[in-house]
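Peer 1: Structural data only, the sequence is not supplied:
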């Protein structure tokens, strides 16, 4: 199968690319390297350095004529989306529409979209949140992800373009950057391994659903072959607070440094957790990596890369 993966030099998508290559697929990577790393790119891919909002990206899809698009390229910084919602919309909405036009014209058979469960649901009314939960995004980033889902539904209804939107929980693991609006796991590891003191916002009892990147890869591999149309949560269904994450990581790296607590971040979501039963029923997917094991593997990766 011929697959275009956008954002293929990034954290999550680079792992997905590796899995597709291992399974014998022909992979084309679109990335502008605004955040992606060339070291993450599998040498067996065909690499295209391109902005997804550029008309040339749609034209390139039409020339390649892939069987599937795996769309992970995005402006992912929630705070930046608040500060500059126009830029966020250009990348996450206009850029995606541009790609969908290319897919429509190229006869693409499947679009897989990296959505965000935490961002599209906003402050939850039910824990864990099922796919039927009301969507009330609390940031332009969340709005853009929900908008992407709605455009997918439109292109399916109007043009018969099959799709699946994977609503990720908080993904962590090797290759995650500790810069910008990075995940707390990467940020804490960077601080711990540099011997500095971590600052936890507020009381640290904010919870998230942490899913290891290899489990997310497995969900994408299953989604590629699935005929399902719609949204699916990809998470563990388990809440873990920030203090617990820090303690796990401190033990993993053998640090005795205690975190300090700073002021709470205004508007920060208090709890987030995704119901994954639908993924089990539709994709036969369930997370396999225990949190402690995943955090230990991530810590080992960061320690090895810091030593290079």
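Peer 2: Yes, it's here. This is a predicted model, so every value here is computed, not measured.

Peer 1: From the contact counts, what lies against the lowest-mean-pLDDT helix or strand in the chain?
Peer 2: For the chain, counting by mean pLDDT, DSSP states H and E, helix 78-83 ranks last in confidence among helices and strands (a mean of 87). Taking 3 or more Cβ pairs under 8 Å, 6 or more residues apart in numbering; DSSP states H and E as contact, the helices and strands that helix 78-83 lies on are helix 85-89, helix 140-159. Any C-beta I mention is one placed from the backbone N, CA and C, and that applies to glycine too.

Peer 1: how far does that helix sit from the chain's center?
Peer 2: When C-alpha coordinates are averaged (Cα atoms, centre = their mean, to the nearest Å), helix 78-83 and its chain have centres 17 Å apart.

Peer 1: Mind listing residues that contact it?
Peer 2: With contacts defined as Cβ atoms under 8 Å, 6 or more residues apart in numbering, helix 78-83 is touched by 75, 87-88, 119, 139-142, 144, 180-181.

Peer 1: Likewise for stretch 242-254?
Peer 2: Outside stretch 242-254, the residues that reach it (Cβ under 8 Å, 6+ apart) are 184-185, 188-189, 192-193, 198, 200-201, 203-208, 210, 256-257, 259, 291-292, 295-296, 299-300, 303.

Peer 1: repeat that for 6 Å
Peer 2: Outside stretch 242-254, the residues that touch it by Cβ atoms under 6 Å, 6 or more residues apart in numbering are 188-189, 192, 200, 204, 206, 259, 295-296, 299.

Peer 1: ditto for stretch 145-152
Peer 2: Residues outside stretch 145-152 that contact it (Cβ under 6 Å, 6+ apart) are 93, 96, 113, 115-116, 119-120, 135, 137, 163, 165.

Peer 1: in the chain, which spans are helices?
Peer 2: Remark: helices assigned in the chain by DSSP state H are 11-22, 55-64, 78-83, 85-89, 95-106, 117-121, 140-159, 184-193, 213-225, 242-253, 277-283, 291-306.

Peer 1: Redo those as CSV? Include mean neighbour count.
Peer 2: Output for these, formatted as CSV (neighbours: other Cβ atoms under 10 Å):
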stretch, mean neighbour count
helix 11-22, 22
helix 55-64, 18
helix 78-83, 16
helix 85-89, 16
helix 95-106, 21
helix 117-121, 27
helix 140-159, 19
helix 184-193, 22
helix 213-225, 21
helix 242-253, 18
helix 277-283, 17
helix 291-306, 17
